[in-house]
Each structure stands twice: as structure tokens, then as C-alpha cells.
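Visitor: what's the 3D shape of this:
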Amino acid sequence: MQNPALVMFSSLRFSYVGNSGGTHTVVMRLMDQYLDKGHKLFTDNFYTSPLLYQSLLDRGAFACGTVRPNRKHFPWKLRKKNKLVRPQYQFATDGQFTAGLWHNVTFLSTIHSASIEIVNKRPKGGRDLEPIPCPSAIVECNQFMNAVDQADQQLSYHSLTVRKTVKWWKKLFWRLIDMAILNASIVFRTNHPDKGIRSNTEFRLALIEELVAPILFKSNNDGMFTGGRRPRKESLSLLKEM
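Guide: Residues are numbered from 1 along each chain as shown. A predicted model of the protein is given here:
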């Protein structure tokens with residue numbers, strides 16, 4: 001008997017298929033119109049698994065992405081607790097699947113072979129770029145996943161979802177608020193480069209002052225502030241054009 005599951009994505013209702021899990025079902029449903037056409041899919045480690053990639057391969061779709069080393073059927077010899085030192089790497093392949101470990105990154109691909117490319121990387125603590133060998137799967141994954149990784153990185157700096165709660169809808173709510181603020185920051189800084197807001201942090205500070213100013217900074221009938229620290233002049237009108 002199938003276990004129902006509600007996935008908050010475009011207001012669609014999904015259900016688990018067999019023992020594959022919810023993430024497997026979500027990806028297969030969203031890829032439905034792109035299957036059997038030879039498309040390539042790039043995923044992060046939340047979705048990547050050998051079972052998912054096998055299902056995609058069976059339907060004529062290829063995939064690549066970082067993977068959690070404790071995933072079922074992932075090669076045991078690559079499940080190392082000790083990090084490899086760049087440029088060290090390890091591969092495991094069976095002809096269809098290529099799994100690998102590079103530095104502290106584990107990955108899985110049905111697109112790439114156990115091939116290496118030379119890329120320019122800045123070593124830790126260094127200033128100049130140095131050529132180092134890097135698996136082709138990592139190179140292409142970084143190329144197509146870069147925007148997603150950057151968004152996750154920006155959201156992690158000032159995340160509202162750090163609040164501990166067991167209620168899933170609260171986590172979803174605060175996640176959506178985080179994404180809305182980040183998107184607003186990008187739009188504002190793109191359309192108003194002359195306002196002097198150079199980062200998401202500065203945008204959030206200006207937004208906070210806009211929200212709390214009516215509460216903290218009260219004025220009497222003569223227009224004089226009666227309490228609290230007077231806000232910066234430029235910050236109170238910084239976002240009014242949005």
C-alpha cells in the first residue's frame with residue numbers, strides 16, 4: 001500500500017512510489033515531460049542518489065551532482081571520514097555510473113567518465129590562481145549549479161530558519177521570507193545602484209530600520225523625537241522607491 005505525502009511544490013500533490021522515497025518521486029514527476037529525450041539533470045546532495053539516477057537512466061535521462069556518502073548503494077570505498085588533500089581524487093565506475101571523491105566532495109554521475117580537467121583554483125590562503133586537476137563531473141556541476149549554490153550561501157548568512165521548531169509549516173514560512181528578502185535585495189540593488197547598498201546585509205539593515213522606525217522613533221506635535229536613537233537620515237527613505 002502506498003504512503004501518501006504532500007510536497008509543497010507548485011501546489012501539486014505527490015505520493016511515494018514504492019520504497020524510493022519522497023525526493024525520488026518529486027524529481028521523477030517534475031522531469032516527466034523531459035524524460036526519454038536525452039536531457040541532462042544536475043542535482044544537489046539532497047536529491048542525488050543511485051536509485052534516482054538509475055530511474056532517470058532507465059527513462060533516457062542523464063544526471064550529475066554532489067551526493068551524500070551515506071546514500072544506499074553508494075560505493076563503500078568512497079565513504080571516507082578523512083578528507084583528501086587537493087589535488088587527490090578517487091573514482092569508482094561500472095560503465096554507467098561514475099562515483100568519485102575529490103577533496104571532501106563526493107559526487108555521482110551518469111554523464112561523465114572517470115576523467116580529469118585542469119582548472120585554475122586559488123589555494124587556501126593564497127592569492128594567485130594555480131592549475132590543479134579536477135574531475136570533469138565537478139567542473140560541469142559547478143558550471144550549472146553555481147547560481148543555486150550562491151543563493152543557498154546568501155540565504156545561510158542571515159537565515160530566519162535557524163529558529164528551532166518541529167512544525168514544518170513554520171520552517172517553510174521563514175524560508176519563503178528569507179527568499180523574498182534576498183530577491184528584493186537583488187532587484188533593489190540592480191535598479192538603484194546609486195543608493196549605496198552594496199550587499200544583502202546592508203539591504204536587510206535598511207529594511208529593519210524602515211520596519212521598526214514607526215515603533216521606536218515617536219514624535220510629538222512639534223515634530224520632535226521623544227525617545228530612542230534617531231535613525232540615520234538616509235536609511236529611513238532608502239527603500240521608499242521600491
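Visitor: any idea which helix or strand carries the most centrally placed residue in the chain?
Guide: Residue closest to the average C-alpha location in the chain (Cα atoms, centre = their mean): residue 152, at 3.7 Å. Assigned by DSSP states H and E, residue 152 belongs to helix 136-157.
Visitor: distance between that helix and the chain's centre?
Guide: Its chain's average C-alpha position is 7 Å from that of helix 136-157, according to Cα atoms, centre = their mean, to the nearest Å.
Visitor: How about stretch 174-193?
Guide: Computed by Cα atoms, centre = their mean, the chain-centroid distance of stretch 174-193 equals 16 Å.
Visitor: can you pull the buried residues of it?
Guide: 174, 178, 181-182, 184-185, 188-189 (16 or more other Cβ atoms under 10 Å). C-betas here are computed from N, CA, C, even on glycine.
Visitor: what's the longest helix in the protein?
Guide: Taking DSSP state H as the criterion, the chain has its longest helix at helix 168-191.
Visitor: Just the C-alphas of that helix, formatted as PDB.
Guide: The C-alpha coordinates for helix 168-191 follow below in PDB (Å, rounded to 0.1, in the frame of the first residue of the first chain):
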ATOM      1  CA  TRP A 168       7.200  22.000   9.100                       C
ATOM      2  CA  TRP A 169       5.000  24.900   8.000                       C
ATOM      3  CA  LYS A 170       6.900  27.400  10.200                       C
ATOM      4  CA  LYS A 171      10.200  26.300   8.600                       C
ATOM      5  CA  LEU A 172       8.600  26.800   5.200                       C
ATOM      6  CA  PHE A 173       7.200  30.200   6.100                       C
ATOM      7  CA  TRP A 174      10.500  31.600   7.300                       C
ATOM      8  CA  ARG A 175      12.300  30.100   4.300                       C
ATOM      9  CA  LEU A 176       9.900  31.900   2.000                       C
ATOM     10  CA  ILE A 177      10.500  35.100   3.900                       C
ATOM     11  CA  ASP A 178      14.300  34.700   3.500                       C
ATOM     12  CA  MET A 179      13.900  34.100  -0.200                       C
ATOM     13  CA  ALA A 180      11.600  37.100  -0.600                       C
ATOM     14  CA  ILE A 181      14.100  39.400   1.200                       C
ATOM     15  CA  LEU A 182      17.000  38.100  -0.900                       C
ATOM     16  CA  ASN A 183      15.100  38.600  -4.200                       C
ATOM     17  CA  ALA A 184      14.000  42.100  -3.100                       C
ATOM     18  CA  SER A 185      17.700  42.900  -2.300                       C
ATOM     19  CA  ILE A 186      18.900  41.800  -5.700                       C
ATOM     20  CA  VAL A 187      16.100  43.700  -7.500                       C
ATOM     21  CA  PHE A 188      16.700  46.900  -5.500                       C
ATOM     22  CA  ARG A 189      20.500  46.900  -5.900                       C
ATOM     23  CA  THR A 190      20.100  46.300  -9.600                       C
ATOM     24  CA  ASN A 191      17.600  49.100 -10.200                       C
END
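Visitor: which strands and helices sit next to it?
Guide: Packing partners of helix 168-191 (3 or more Cβ pairs under 8 Å, 6 or more residues apart in numbering; DSSP states H and E): helix 136-157, helix 200-216.
Visitor: As CSV, these with distance to residue 128 and mean pLDDT would be great.
Guide: Below are these laid out as CSV (distance: least, Cβ to Cβ, whole Å; pLDDT from 0 to 100):
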stretch, distance to residue 128, mean pLDDT
helix 136-157, 20, 80
helix 200-216, 29, 84
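Visitor: Turn the ones you listed into TSV, including distance to residue 45.
Guide: Converted to TSV, the helices and strands packed on helix 168-191 look like this (distance: least, Cβ to Cβ, whole Å):
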stretch	distance to residue 45
helix 136-157	11
helix 200-216	24
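Visitor: Kind regards, and thank you for your time.
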